[in-house]
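Undergrad: Curious how this folds, go ahead:
(chains A, B, C and D)
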Number of protein chains: 2
Amino acid sequence: MALSEPFIKNHDCADCPIRHRAVCARCETDELRELEEMKFYRTFEAGQTVIWSGDRMDFVASVVEGIATLSQTMEDGRTQMVGLLLPSDFVGRPGREIAAYDVIATTTLTMCCFRKKPFEEMMAHTPHIGQRLLEMTLDELDAAREWMLLLGRKTAREKIASLLAIIARRDASLKLATTRRKIVFDLPLTREAMADYLGLTLETVSRQISALKRDGVIVLEGKRHVTVPDFDRLLGETGDDADGGLPT
Amino acid sequence: MALSEPFIKNHDCADCPIRHRAVCARCETDELRELEEMKFYRTFEAGQTVIWSGDRMDFVASVVEGIATLSQTMEDGRTQMVGLLLPSDFVGRPGREIAAYDVIATTTLTMCCFRKKPFEEMMAHTPHIGQRLLEMTLDELDAAREWMLLLGRKTAREKIASLLAIIARRDASLKLATTRRKIVFDLPLTREAMADYLGLTLETVSRQISALKRDGVIVLEGKRHVTVPDFDRLLGETGDDADGGLPT
DNA sequence: TCGCAACCTTGATCGAAGTCAAAACACCGG
DNA sequence: CCGGTGTTTTGACTTCGATCAAGGTTGCGA
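TA: Residues are numbered from 1 along each chain as shown, chains lettered A, B, ... in the order given. Model prediction:
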C-alpha cells in the first residue's frame, strides 16, 4: 500500500540469494551495513499463518516475494481483511509487543525480517529510518481510510471494480505504467478472500465479476487471469472521481 | 483515537489561557520550550470547515477542546467519516503538503497549531517527537482497521452499540474509569453524523437507537443525553469479544 | 406567542446483497 | 481415466437496511 518508495528495495547483488537488500533510500552506507547484518529471511507456504492476532511478535519484516493478508475475525467467524501485503510492504509495529491481526500467506511468501529489539535500537539513533517508517505508516493510514469509504459507502459492483483497479495498478507499477491502455494481470486472491476484503460474500463477488465480464469491462481467461481492455472504463466503475484518487 | 498518552497534554499554567501546553512526555525542557514558542491557537465555530480535502495544509495541530470529524465525500454526495477527533488527538501529516480529508468542526473547536515547516525541522533533530508521532499514527491505524471490521461485517445494531461504547469509553476515561457500572454521557454527534461514521442512513441510526432504548440497553433523556445502566450489556451488543478489544 | 428551521422518529415499501442449495469446473493423485 | 476435494458459478428465496414520505420535537428569532 506504499505510495512512496518502499522501505526495502530490490537490487542486483550476486551474493544476495533473493536479490534483495535492506535499503533505506536516505541512509548512509554504515546504516545500510548495520541493517544488512541483522536481517534474516523466512518463507511460508501458501495458506500458512505467519502470525496470529494476540501472539507476541518479536520481529518486523518486509515482504520480498508473494502475498499475505492482514485480517481480523469475530468470535462467530465473520472476518474482515484489513490489509493486503504485496512485495515491498512493511509488516510489524515498532513499539508494540503483540500482533493485532492475523497475518496469513496467500501464496508462497518470503519475508526479510529484523529482530524487533535491535531494529528499534537502530531506529532510536537513526532518525531517517523512523521518518521513513512514519511516512509509510501514514500511507497505510490513508489506504485504510480509503478502504473505509469503500466498505461504508460503495456498492458491490463499485467495490469489485475498485479492488481490480488497485491490484491492476499495483501490479502494473512493477512492470510499466500503462494507464489508459490494456492491462493484464492475475488475481492473487480467491473469491472468498476478495469477499473478506470487500465486506461481501463470495457469491456476491462471483456474481459481480460475472456482471463486469458480461458488460465487457473485463475479460476473463480461466478464473484468475484478467484482461482490462480499457482501464479508464474500469476506473469509471469504481465510483471514485476521474483520477481514481486511490493510494497505491 | 490515541491508545497511548496524547502528544500534547493539559496542565496547569497560569499564563496559558486554555490550560494547554506543548508537551512530549519524553522530551527535555529545551525541546519543550521550542515547541512552546512556535505554537498558536485557532478556534472554529460548530459546523465550520477547518480544511477541505485537497487544500494545502501548512500546519499540524492537536485538538484542545471540542470535536471535529475527518471525512471523505464521493462526487455524488455519499460521504464517509474516517475519523473522529476528540481533545488530545493529533491532526495533520508531517511530510504531506495536501490535506487528504475534510476536517469539520462538530462543536466549537480549539486547536493548538504548529506551522508544519518548523515542526518538521524540529522533528528532524528530535527523534523522540518522531517516535511519539509514529506511535500515535500506529494507534490511528489500529483504530481505522478496527473500524474496517465494523463497516464491513457488523450489523446496524452492532455498529450503533460499538459507537456508543467508544464514545462512552473515551468520555469516561477523561473523568473516571467506570467499567461495569452506570455510564452517562452526551452524544457529540447528530444522527446524520453517526450515520456517516457507521456507513448507515440516519433513519437506520434512529431506528436502532430506538430499539436499544426499547430493549433497555440505553436510556435516553432528550435526543442526546445517554445513560448506559450496564456497560457490559452494551459491550455484549457490539459483537466484539468479551473484553471489547476496541482501541481508544 | 408564533412561525420557521433543524433535527429526529416512525411507517410503508423496495431492492441490493445475503443465505441456502445445487451444479459446474479444475486440479490432483492413484 | 476416475474419484475426490476445493473453488467458482448460478439459481431461488429471504432479509436487512435503504428509500420515500409523513409527522413530531425542540429551539430560536421576530
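Undergrad: near DNA strand D, which residues of chain A?
TA: Counting by C-beta under 7 Å from any atom of the strand, chain A comes close to DNA strand D at A:190-192, A:202-203, A:205-207, A:209-210, A:220, A:223-224. Placement of C-beta: from N, CA and C, glycine included.
Undergrad: What is the neighbour count of A:Phe90?
TA: Around A:Phe90 sit 22 other residues, with neighbours defined as other C-beta atoms under 10 Å in any protein chain shown.
Undergrad: Kindly apply the preceding question to A:Leu85 instead.
TA: Neighbour tally, A:Leu85, other C-beta under 10 Å: 24.
Undergrad: Name the residues of stretch A:139-155 that are buried.
TA: By neighbour count on 16 or more other C-beta atoms under 10 Å in any protein chain shown, the buried set for stretch A:139-155 is A:139-154.
Undergrad: With respect to chain B, which of those residues is nearest?
TA: A:Gly152 (2.8 Å; C-beta to the nearest C-beta).
Undergrad: Restricted to buried residues, select the residues of chain A next to DNA strand D in ChimeraX.
TA: Restricted to buried positions by 16+ other C-beta under 10 Å, the ChimeraX selection for the residues of chain A next to DNA strand D reads:
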select /A:191,205,206,209
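Undergrad: Now do the helices in chain A.
TA: Under the criterion DSSP state H, chain A contains helices at A:29-38, A:116-124, A:127-153, A:156-175, A:191-198, A:202-214, A:231-236.
Undergrad: Relative to B:Ala168, which of those is closest?
TA: Ranking the helices of chain A by proximity to B:Ala168 (C-beta to C-beta) places helix A:127-153 first, at 21.7 Å.
Undergrad: and which of the residues of chain A next to DNA strand D is nearest DNA strand C?
TA: Among these, A:Glu203 lies closest to DNA strand C (C-beta to the nearest atom of the strand), at 3.9 Å.
Undergrad: Please list all residues in contact with the closest one.
TA: Contacts for A:Glu203 (C-beta atoms under 8 Å, 6 or more residues apart in numbering or on different chains) come out as none.
Undergrad: next one: A:Val91
TA: A:Val91 makes contact with A:50, A:60-63, A:68, A:85, A:103, A:111, according to C-beta under 8 Å, 6+ apart.
Undergrad: Look up the closest residue to A:Gln72, ignoring the ones flanking it.
TA: Once flanking residues are discounted, A:Gln72 sits nearest to B:Leu149: 4.8 Å by C-beta to C-beta, 6 or more residues apart in numbering or on different chains.
Undergrad: Is it correct that the one you found is in contact with A:Met81?
TA: No: using C-beta atoms under 8 Å, B:Leu149 makes no contact with A:Met81, being 9.5 Å away.
Undergrad: Please list the residues of chain A that sit near DNA strand C.
TA: Residues of chain A lying near DNA strand C (C-beta under 7 Å from any atom of the strand): A:155-157, A:199-201, A:203-204, A:222-223.
Undergrad: Tell me how many other residues crowd A:Met136.
TA: Number of residues near A:Met136 (other C-beta under 10 Å) recorded here: 22.
Undergrad: where does it sit relative to DNA strand D, distance-wise?
TA: Per C-beta to the nearest atom of the strand, to the nearest Å, A:Met136 is found 30 Å from DNA strand D.
Undergrad: With pLDDT as added columns, please give the residues of chain A next to DNA strand C in a markdown table.
TA: Formatted as a markdown table, those follow (pLDDT from 0 to 100):
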| residue | pLDDT |
| --- | --- |
| A:Thr155 | 98 |
| A:Ala156 | 98 |
| A:Arg157 | 98 |
| A:Gly199 | 98 |
| A:Leu200 | 98 |
| A:Thr201 | 98 |
| A:Glu203 | 98 |
| A:Thr204 | 98 |
| A:Gly222 | 89 |
| A:Lys223 | 90 |
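Undergrad: Show me which helix or strand of chain A is least confident by mean pLDDT.
TA: Using mean pLDDT, DSSP states H and E, the weakest-scoring helix or strand in chain A turns out to be strand A:20-21, at a mean of 42.
Undergrad: sorry, back to before: mind putting the helices of chain A into TSV with distance to B:Leu134?
TA: Shown next, in TSV, are the helices of chain A (distance: least, C-beta to C-beta, whole Å):
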stretch	distance to B:Leu134
helix A:29-38	18
helix A:116-124	9
helix A:127-153	5
helix A:156-175	24
helix A:191-198	26
helix A:202-214	35
helix A:231-236	33
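Undergrad: Least confident of those, on average?
TA: Among the helices of chain A, helix A:29-38 carries the lowest mean pLDDT, a mean of 66.
Undergrad: How many residues are close by the residue of chain A at minimum distance from DNA strand C?
TA: Residue nearest to DNA strand C within chain A: A:Thr204 (3.1 Å; C-beta to the nearest atom of the strand). Other residues near A:Thr204 come to 18 when the count uses other C-beta under 10 Å.
Undergrad: For it, list the residues it contacts.
TA: Residues in contact with A:Thr204 (C-beta under 8 Å, 6+ apart) are A:156, A:195.
Undergrad: any idea how far A:Glu192 is from it?
TA: 11 Å (C-beta to C-beta, to the nearest Å).
Undergrad: Let me see the contact set for A:Asp55.
TA: A:98-99.
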